[in-house]
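**Student:** Fold the following and give me the result.
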Amino acid sequence: MAKAQFDYAEAAKLVEVKDVCEWFPIKRTLADSVLRRPMQYVKAVDHVSLDIFEGECLGLVGESGCGKSTIGRTLLRLHEPTSGQIFFEGSDITKANMRPYRKKMQIVFQDPYASLDPRMTVGDIVGEPLDIYHAYESKAERREKILELLNLVGLNSEHMNRYPHEFSGGQRQRVSIARSMALRPDFMVCDEPISALDVSIQAQVINMLMELQQKLNMTYLFIAHDLNVVRHISKRVGVMYLGSLVEVCDANELYKNPLHPYTQALLSAIPIPDPNVSRSRHRVVLEGEVPSPMNPPNGCKFHIRCPYARDICREARPETIEVGQGHTCACHKVEQDW
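**Tutor:** Next up is the predicted model:
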């Protein structure tokens with residue numbers, strides 16, 4: 001299914017993230033207290049700023065442990081941000097009561113086997129948000145809304161009285177999406193919704209999400225490891241490394257003209273079916289291991305593995321600069337070349 005055209009000139013910002021940090025404190029031992037060692041933190045998200053426009057799909061990619069899922073959950077206040085601000089429809093929700101916003105902001109979790117209550121029928125799972133917000137006036141209306149949601153994701157009335165263990169992984173994820181759609185949210189975080197599914201099922205779920213977006217004007221933050229999938233569904237793509245956002249731009253532009261060395265390394269790792277092309281292309285191989293988020297390196301966090309690292313990379317954290325229309329990058333090399 002082809003992506004719908006998107007006009008940023010007419011789109012309003014639905015979600016704004018300004019300098020958000022999510023640091024998780026590490027449990028102190030008795031020795032830490034006696035020796036008065038300073039508190040240590042896992043810096044899962046470190047000073048991230050981004051905008052998500054109404055009706056778009058923003059993809060988020062990066063290695064495991066780079067903070068993708070954490071930023072998605074922090075946007076919904078499933079994790080309370082350590083610092084920074086989160087805006088939704090122009091309102092600051094960083095400290096706000098989230099109950100009114102839960103109807104408008106939802107999430108599809110990664111593992112459909114763990115996110116559904118095995119003791120509840122599919123009808124009750126999908127209908128639970130309706131129950132919480134009293135979104136119906138009679139049992140007949142409740143049943144009608146549940147059936148409408150199941151039909152929306154390609155299931156039918158026969159599935160209402162079944163339990164999650166009776167479904168395949170793809171069907172369970174459809175149930176999860178139906179539950180998330182129950183209150184007709186404006187914004188949805190898709191936290192690696194296809195990573196636990198077979199390849200044959202992944203395309204069905206992706207196409208369904210794209211159809212829902214076009215039909216209901218949904219806005220997505222789509223988190224994934226598969227760069228080809230992200231390119232297929234997303235209008236813009238953000239690249240994260242060790243809790244920081246290093247590059248954001250239009251999906252096609254990113255794949256044609258990646259600027260940050262880490263983005264170049266990620267894209268060069270995408271397998272190409274043609275063996276002749278695969279053998280002839282240049283592969284960027286990164287050396288070393290990803291540093292610990294407990295003690296990230298000074299300066300640019302990527303300089304330890306970067307083949308273009310300079311002295312300034314070890315000393316100062318790069319500023320995020322705009323290098324083109326909607327194309328931002330945080331890299332000293334790009335800044336100096338630009």
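**Student:** Where in the chain is the helix or strand with the lowest mean pLDDT?
**Tutor:** Lowest on mean pLDDT, DSSP states H and E among the helices and strands of the chain sits helix 275-280, with a mean of 63.
**Student:** Quick one: end-to-end length of stretch 219-227, please.
**Tutor:** 19 Å (CA to CA, to the nearest Å).
**Student:** Show residues contacting that stretch.
**Tutor:** 14-15, 52-61, 64, 68-69, 72, 75, 186-192, 194-195, 209, 213, 230, 233-234, 266-267, 270 (CB atoms under 8 Å, 6 or more residues apart in numbering). The C-beta positions use only the backbone N, C-alpha and C, and glycine is treated the same way.
**Student:** Tell me which of the residues you listed fall in helices.
**Tutor:** Here DSSP state H is the test, and those give 68-69, 72, 75, 209, 213, 230, 233, 266-267 as lying in helices.
**Student:** ok, the nearest residue to Ala309 once chain neighbours are set aside - contacts?
**Tutor:** Excluding its sequence neighbours, the residue lying closest to Ala309 (CB to CB, 6 or more residues apart in numbering) is His303, at 4.2 Å. Counting by CB under 8 Å, 6+ apart, His303 makes contact with 297, 309, 313-314.
**Student:** Let's see that with 10 Å instead.
**Tutor:** Residues in contact with His303 (CB atoms under 10 Å, 6 or more residues apart in numbering) are 261, 291, 297, 309-315, 318, 332.
**Student:** from those, which ones fall inside strands?
**Tutor:** Applying DSSP state E to the contacts of His303, no entry is found in strands.
**Student:** give me the beta-bridge partners of the residue nearest the centre of the chain?
**Tutor:** Centroid-nearest residue in the chain: Ile223, 3.1 Å away (criterion: CA atoms, centre = their mean). The bridge-partner assignment for Ile223, based on DSSP bridges, gives Leu60, Asp191.
**Student:** Local confidence estimate at the closest residue to His232 other than its chain neighbours?
**Tutor:** Leaving aside its sequence neighbours, His232 sits nearest to Ile206 (CB to CB, 6+ apart; 6.7 Å). As predicted, Ile206 sits at a pLDDT of 91.
**Student:** just the one 3 residues further on next, same as before
**Tutor:** pLDDT, Leu209: 91.
**Student:** wait, isn't it in contact with Met218?
**Tutor:** Yes. Counting by CB atoms under 10 Å, Leu209 does reach Met218; the two are 8.1 Å apart.
**Student:** any shared contact partners between those two?
**Tutor:** 57, 188, 190.
**Student:** Around the closest residue to Val229 other than its chain neighbours, how many other residues sit close by?
**Tutor:** Spatial nearest neighbour of Val229, chain neighbours left out: Ile206 (6.3 Å); criterion: CB to CB, 6+ apart. Ile206: 21 surrounding residues under other CB atoms under 10 Å.
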